[in-house]
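Trainee: pasted the sequence and its predicted model underneath.
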Amino acid sequence: MAILPSFLSRRPLVSVIRLNGVIASGQRGLSDAGTADMIERAFVRGKPKAVALAINSPGGSPAQSSLIAARIRRLAEEKKLPVTAFVEDAAASGGYWLACAADDILVDANSIVGSIGVISAGFGLQEAIGRIGIERRVHTAGRSKSFLDPFRPEKEEDVIRLRALQDQIHENFIAHVKARRGDRLDTKADLFTGDVWIGQQAVARGLADGVGHLVATMKDRHGDKVRFAVHGPRRGLLRRFGLSIAADAAAELEERALWARYGL
């Protein structure tokens with residue numbers, strides 16, 4: 001184990017956790033399994049004085065967002081370390097769920113913040129397969145197993161069921177935001193419609209605490225001699241050598257679609 005020179009070891013350290021991209025299980029997205037090691041390292045390696053989350057995410061999986069945020073909160077409480085989130089282009093939907101894991105949230109003047117809602121999108125392909133002479137055959141045990149089958153006409157009962165699921169996830173999201181932001185939220189504003197706000201607008205509504213950037217803010221708080229240790233997810237061996245082209249191409253299309261919702 002390397003031993004730092006005494007003049008370096010006396011300088012305060014801030015661990016920076018980069019949370020960049022779509023939140024999803026799998027090798028490409030931000031997931032609890034994929035970020036666990038780097039988050040754990042960030043809270044212990046070098047005895048940091050604080051942890052900064054550098055967030056740039058349009059959202060994604062609610063479950064993975066919740067798991068990652070819960071890990072950050074557990075470690076912050078165990079290690080008694082302050083956590084600040086710094087929003088880059090966006091902390092939207094699941095990205096904002098992650099930001100709320102911090103004790104305070106700072107944004108750029110142009111950051112997109114919010115999107116506290118739940119979305120599900122798909123395609124209806126039943127007419128397309130009919131035109132080319134394909135017959136869809138589905139056999140199930142359990143009447144809900146073919147729920148929202150894209151190759152069959154949409155059923156009203158399926159839509160009602162989907163909305164009930166979305167409502168429950170939305171309620172969980174709202175509860176998380178209220179628990180973390182507390183009385184900082186503007187109670188007169190309707191913050192939970194899925195709308196987004198830019199920079200100072202988000203601050204005015206209590207979704208963020210101010211406009212500020214990572215290095216400058218941490219120097220203000222910990223002095224000009226503060227050190228930074230950046231922690232990012234480790235890429236698998238196949239991705240390092242560019243051998244997951246097909247999977248990466250599909251994931252890239254999905255990621256672009258998520259970013260496009262915010263004009264990015």
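Mentor: Thanks, I have it. Numbers count the residues shown, from 1 in each chain.
Trainee: who's in contact with Pro82?
Mentor: Shown in contact with Pro82 (Cβ atoms under 8 Å, 6 or more residues apart in numbering): 50-51, 76, 103. Quick note: C-beta positions are derived from backbone N, CA and C, even for glycine.
Trainee: for those, which one is nearest Glu88?
Mentor: Val51 (16.6 Å; Cβ to Cβ).
Trainee: gap between that closest one and Trp97?
Mentor: 17 Å (Cβ to Cβ, to the nearest Å).
Trainee: now name the helix or strand holding Met218.
Mentor: helix 214-222 (DSSP states H and E).
Trainee: any weak-confidence spans in the stretch 51-200 of the chain?
Mentor: 118-155, 158-159, 162 (pLDDT under 70).
Trainee: which stretches of it form strands?
Mentor: 83-92, 104-107, 112-114, 196-198 (DSSP state E, counting those that start in this stretch).
Trainee: okay, those in CSV with distance to Ile17 next?
Mentor: Shown next, in CSV, are the strands of the stretch 51-200 of the chain (distance: least, Cβ to Cβ, whole Å):
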stretch, distance to Ile17
strand 83-92, 9
strand 104-107, 14
strand 112-114, 18
strand 196-198, 23
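Trainee: can you show me the helices along the chain?
Mentor: Ranges of helices in the chain, per DSSP state H, are 6-9, 32-44, 62-79, 94-99, 126-131, 156-181, 200-204, 214-222, 237-240, 245-260.
Trainee: output the contacting helices and strands for the second one.
Mentor: Which is helix 32-44. Secondary-structure packing of helix 32-44 (3 or more Cβ pairs under 8 Å, 6 or more residues apart in numbering; DSSP states H and E): strand 13-20, helix 62-79, strand 227-231.
Trainee: and the last one, which residues are buried?
Mentor: Read it as strand 227-231. By neighbour count with 16 or more other Cβ atoms under 10 Å, strand 227-231 contains the buried residues 227, 231.
Trainee: direction included, what does that strand pair up with?
Mentor: strand 13-20 (parallel) (DSSP bridges).
Trainee: give the rounded mean pLDDT of the strand it pairs with.
Mentor: In this model, strand 13-20 has a mean pLDDT of 97.
Trainee: list the buried residues for it?
Mentor: 13-19.
Trainee: for the residues you listed, which one is nearest Leu81?
Mentor: Nearest to Leu81 among these, with distances taken as Cβ to Cβ, is Ser15, at 8.4 Å.
Trainee: which residues touch that closest one?
Mentor: Ser15 neighbours (Cβ under 8 Å, 6+ apart): 41-43, 45-46, 48, 50-52, 228-229, 231.
Trainee: just list whatever residues bridge to it.
Mentor: Assigned bridge partners for Ser15, using DSSP bridges, are Val51, Ala229.
Trainee: and it, how far from Met38?
Mentor: Taking Cβ to Cβ, one finds Ser15 at 10 Å from Met38.
Trainee: can you check Arg181 too?
Mentor: The separation that Arg181 has from Met38, given Cβ to Cβ, amounts to 25 Å.
Trainee: same check on Ala101?
Mentor: Counting by Cβ to Cβ - Ala101 and Met38 are separated by 14 Å.
Trainee: so between these two, which is more surrounded?
Mentor: For Ala101 versus Met38, the count of surrounding residues by other Cβ atoms under 10 Å is larger for Ala101: 25 against 18.
Trainee: pretty sure that one is touching Ile72, no?
Mentor: Yes: Ala101 is within contact range of Ile72, at 4.2 Å (criterion: Cβ atoms under 8 Å).
Trainee: shared neighbours of the two, which are they?
Mentor: With Cβ under 8 Å, 6+ apart as the test, Ala101 and Ile72 both reach 53, 83.
Trainee: could you pull up the residues touching the closest residue to Gly21 other than its chain neighbours?
Mentor: The shortest distance from Gly21 to any non-neighbouring residue, by Cβ to Cβ, 6 or more residues apart in numbering, is to Leu30 (5.7 Å). Neighbouring residues of Leu30 by Cβ under 8 Å, 6+ apart: 19-24, 57, 60, 64, 68, 233.
Trainee: cool, thanks, talk later.
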